[in-house]
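A.B. asks: I'd like to go over a predicted model; first the sequence, then the structure.
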Amino acid sequence: MIPDFSGEFLNYDASSDGDVVTILDEGKVEYNETLKKEMFNIGVEVNKSKKIYSPNNKAGRALQDAFCMDSKDWVGKQFTVLHIDKKMHIKPIK
């Protein structure tokens, strides 16, 4: 067995280039104590593991462009992880 130490969030370290991510819920705004700001968090599944994804502004706009403005319509939709310059980017699957 290979233990998963990647944590609860989907990020560069918890993903691989080409991973397909499925959106599980419509997300919600939550206050992040560490960063001292509100974050939009979406439940996702990647490689049979449930994670929380907090898209940045660019990724959030890409999800809206691909799937609709209302995140309720994103449930069940998928995107691909792209690793570029040690950062995680996404490509919505239409």
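C.D. replies: Arrived safely, thanks for sending. These numbers were taken from a predicted model, which means no experiment stands behind them.
A.B. asks: Strands of this protein, start to end?
C.D. replies: 20-23, 28-32, 37-46, 49-53, 78-84, 87-93 (DSSP state E).
A.B. asks: what's the closest of those strands to residue 9?
C.D. replies: Residue 9 sits nearest to strand 49-53 of all these, at 5.2 Å, using Cβ to Cβ. The way it works is simple: take the backbone N, C-alpha and C, and place the C-beta from them, glycine included.
A.B. asks: And the closest one, what does it pack against?
C.D. replies: Here strand 49-53 touches strand 37-46, going by 3 or more Cβ pairs under 8 Å, 6 or more residues apart in numbering; DSSP states H and E.
A.B. asks: So what touches the strand it packs on?
C.D. replies: 10, 14-15, 19-32, 50-55, 60, 71, 74, 81 (Cβ atoms under 8 Å, 6 or more residues apart in numbering).
A.B. asks: Filter those residues down to the buried ones.
C.D. replies: Listed as buried from the contacts of strand 37-46 are 10, 14-15, 19, 21, 23-24, 27, 51-55, 60, 71, 74, 81; burial here means 16 or more other Cβ atoms under 10 Å.
A.B. asks: Please work out how many residues are found near the closest residue to residue 22 other than its chain neighbours.
C.D. replies: Leaving aside its chain neighbours, residue 22 sits nearest to residue 45 (4.8 Å; criterion: Cβ to Cβ, 6 or more residues apart in numbering). Using other Cβ atoms under 10 Å, residue 45 has 15 neighbouring residues.
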